[in-house]
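Enquirer: Next come a sequence and a model predicted from it.
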Amino acid sequence: MSSHSNLDLPAAFDLYDRYIRKRHRDGDMFPPTRDQFDSFLGHAWDCTNYYFFWREDDLKAVAVVDHLSDGFSAIYTYFDPEDAKRSLGKFVILWQIRLAQQLRLPYVYLGYWVQSCRKMDYKIQYKPIEILHDGEWQAHEES
């Protein structure tokens, strides 16, 4: 794993391109372009960090994460779509949780969860989960 200040690394866009083409052909990010990529992920805030996960010389995953005073906000993660057996998305989430624990940060925010969206179902797997409802965080109990 390595961290860079931006996504200028050519392998970062190449991986993003493969990821979007394989996993999100039905979304508004398709087809991926360099301009769309730069607009979406290339404009970092002061708190934004980019983490690159390598296997030897192959870039396997990229996590774009905002470091907040009380935890991490996972902005976007993408990974090698041809390496599904490694569960790279789960690995990166667990890595963020572990790093937050090491830094004594209580939260990892995985972003919006839309209950009816199949592609966001993974977020509900990580417990405990809180949902912002009417401006207040509430524990989510599965029904």
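Expert: Yep, it's here.
Enquirer: Now do the helices in the protein.
Expert: Chain-ordered helices for the chain, with DSSP state H as the definition, fall at 10-23, 34-41, 88-102.
Enquirer: ok, and what's touching the last one?
Expert: So that's helix 88-102. 1, 51, 53, 60-61, 63, 65, 71-72, 74, 77, 79-80, 106-108, 110, 122, 126 (C-beta atoms under 8 Å, 6 or more residues apart in numbering). All C-beta spots, glycine's among them, are computed from the backbone N, C-alpha and C.
Enquirer: what sits against the residue nearest to Leu88 when sequence neighbours are not counted?
Expert: Counting by C-beta to C-beta, 6 or more residues apart in numbering, Phe79 is the residue found nearest to Leu88 once chain neighbours are left out, at 3.7 Å. Applying C-beta under 8 Å, 6+ apart to Phe79 gives the contacts Leu15, Tyr19, Phe53, Lys60, Ala61, Val62, Leu88, Gly89, Val92.
Enquirer: circling back: please render the helices of the chain as a markdown table that adds distance to Ala139, mean neighbour count and mean pLDDT to the earlier fields.
Expert: Putting those into a markdown table (distance: least, C-beta to C-beta, whole Å; neighbours: other C-beta atoms under 10 Å; pLDDT from 0 to 100) gives the following:
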| stretch | distance to Ala139 | mean neighbour count | mean pLDDT |
| --- | --- | --- | --- |
| helix 10-23 | 31 | 17 | 92 |
| helix 34-41 | 31 | 14 | 86 |
| helix 88-102 | 18 | 16 | 95 |
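Enquirer: Read off the pLDDT value for the nearest residue to Tyr112 once chain neighbours are set aside.
Expert: Closest residue to Tyr112 in three dimensions, ignoring its sequence neighbours and counting by C-beta to C-beta, 6+ apart: Met120, at 7.5 Å. Note on Met120: pLDDT of 76.
Enquirer: Please tell me how far Met120 sits from Leu110.
Expert: In this structure, Met120 and Leu110 are separated by 9 Å, where distance is defined by C-beta to C-beta, to the nearest Å.
Enquirer: Looking at these two, which is more packed in?
Expert: Counted by other C-beta atoms under 10 Å, Met120 and Leu110 do not tie: Leu110 has more neighbours, with 20 against 14.
Enquirer: Tell me who's in contact with the closest residue to the more buried one other than its chain neighbours.
Expert: Distances taken as C-beta to C-beta, 6+ apart place Lys123 nearest to Leu110, at 4.7 Å, with adjacent residues excluded. Contacts for Lys123 were tallied using C-beta under 8 Å, 6+ apart; they are Leu110, Gly111, Trp113, Ile129.
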